[in-house]
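Enquirer: Sequence and predicted structure, then a few things I'm wondering about:
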Amino acid sequence: LLSTLLALCMVLAMLPATAMAAGNEPEKKPVDRYTVLVLDQSGSMSGPMDQLKAAATNFCEEARKENEKNTGTWNNVAVVGFSTEPVIKARFSENKNAIVEEVIPAINSLRADELTDIAAALLVADELLKEVGESTDKYDVIKNIVLLTDGLPETNYSEESGRYDNYGFSVPVGQSNRCYKIVDKSGLRNRNNVYALGFFHSMSSERIALCRQLLSDIQTKGFYTVTNSGDLSFVLGDLIADNILDDGKAPTPPAAFDPDNATGNKIVVKIACPVDVSVKIKGTEILNSANKTTCEYGKISFVPSTRYPGTSEKTVTLAAGYPYTFDLTATAACEATISYTYYDNAGNPYQMNGTSGAGTDETISFKATEVSNIYVSTSNRASATQPATATKDTEVTDTTSRFAFVPTTVGGTVVLSKRNAEPGDWVNVYVTPDE
């Protein structure tokens, strides 16, 4: 018996302390998180450039605040600005104050000009992330790319056929095909978490549809849209920052949330128009108005619409404190009214922008099949995006645009489909009637 006890003691002495404590998990490894902000500084960003800088700075401030918590995770930020060519504005640095001393000044140095080479910028971001190494048995490395652009690729390179040919001649499909092929071939989406934010200001519905698809195909962790420059800081600095700083992990559902009885700490969104509604958390659908109207986060309820007979008005009640994305898809042309209210634990109401008071209606004009989004952050602020709206002469394009739009005397528009056509070149000409 004595020899058996001695042998047991020897075995226990060789075990690590964590293994001897039943139920204890292995010690968490430190994390180095690297994020490259890939920011559009093409000519079409000249108007909203100040809002882009504020949004990117807000993101950096969130990363800096996280570093100050000393949680074992350190956030490193680099910046790539891009127009006709990408430029590294700030590299990853061992300077502990790099975000304040190097990254934010680099963001403020951005200047809008020229074209939009998205693919080249993403390749440069990938190279920066290759330089930082990989995870080891001592620490984890997490790599992120955040792309913010206000338009489709426009470069001086030849166009290509491919994935987006079915979008037609009125949008730059050839440059989009080229962009996707380069990104796909590089494999960068397999090595990094890729987030994409499309800023759709002054774009035609056709261009927005293609840009949505391209950015959706490029991203791996999240695709967001903004139509109002004032929402850039909220979406990049709050939503995307939240997602990255918790590494995209799905949050734990509320322990016991009853949307019918909850008096506080809830979100109520009322949607009055013929739209299909889908609610997601970090890309995973939790509710939809067709066949999934209840879940542990909340519910969708319906009342008949007096304004649009044969359709229903929808009320979505959700537990507060979670990052929600609403996809609204119009089933018919309509003027939608959306009301958002957050109720705190005491039952006090707050509006989308965080000001006190019951939510006021926001109007969104839809054409059939158009898509809008409502974003809700963990701080219970929200933003609603306008869907694509066709524009005529106000469309913003970059310098040396692929298309020349020439109004005609008979009410149509001649569209020349070749960039930089020279005398003697063949060009395709299309005449489109005005709406």
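Expert: Okay, I see it.
Enquirer: So which helix or strand of the chain has the lowest pLDDT on average?
Expert: Across the helices and strands of the chain, mean pLDDT, DSSP states H and E gives its lowest value to helix 17-20, namely a mean of 43.
Enquirer: so what's F223 up against?
Expert: 195-198, 212, 215-216 (Cβ atoms under 8 Å, 6 or more residues apart in numbering). No exception for glycine: its C-beta is placed from N, CA and C like everyone else's.
Enquirer: ok, those residues vs K53, which is closest?
Expert: Taking Cβ to Cβ as the measure, K53 lies nearest L197 of the contacts of F223, at 14.4 Å.
Enquirer: How far does the helix or strand that closest one falls within sit from its chain's centre?
Expert: When elements are assigned from DSSP states H and E, L197 belongs to strand 193-199. Taking Cα atoms, centre = their mean, to the nearest Å, one finds the center of strand 193-199 at 4 Å from the center of the full chain.
Enquirer: List the buried residues in the following helix or strand past it.
Expert: Next in sequence after strand 193-199, counting helices and strands by DSSP H and E, comes helix 205-218. Across helix 205-218, burial judged by 16 or more other Cβ atoms under 10 Å covers 207-215, 217-218.
Enquirer: Repeat that for stretch 284-291.
Expert: Neighbour count says stretch 284-291 has 286-287, 289 buried, by 16+ other Cβ under 10 Å.
Enquirer: now do stretch 80-89
Expert: In stretch 80-89, counting by 16+ other Cβ under 10 Å, buried: 80-84, 86, 88-89.
Enquirer: Repeat that for stretch 88-101.
Expert: Buried-residue list, stretch 88-101, by 16+ other Cβ under 10 Å: 88-92, 98-99.
Enquirer: H201 is in contact with P48, isn't it?
Expert: Yes: H201 lies in contact with P48 (Cβ atoms under 8 Å); the separation is 6.5 Å.
Enquirer: higher neighbour count, the two?
Expert: P48 (23 against 18; other Cβ atoms under 10 Å).
Enquirer: Tell me where the stretch 51-200 of the chain has helices.
Expert: 98, 104-108, 118-130, 173-186, 188-191 (DSSP state H, counting those that start in this stretch).
Enquirer: Specify the angle between the fourth one and strand 193-199 in degrees.
Expert: This points to helix 173-186. 160 degrees (axes from the mean of the first three to the mean of the last three Cα atoms, to 10 degrees).
Enquirer: Quick check: phi and psi on the nearest residue to A358 once chain neighbours are set aside?
Expert: With sequence-adjacent residues excluded and distances taken as Cβ to Cβ, 6 or more residues apart in numbering, A358 is closest to P349, at 4.6 Å. In terms of degrees, to the nearest 10, the main-chain angles of P349 are phi -90, psi 150.
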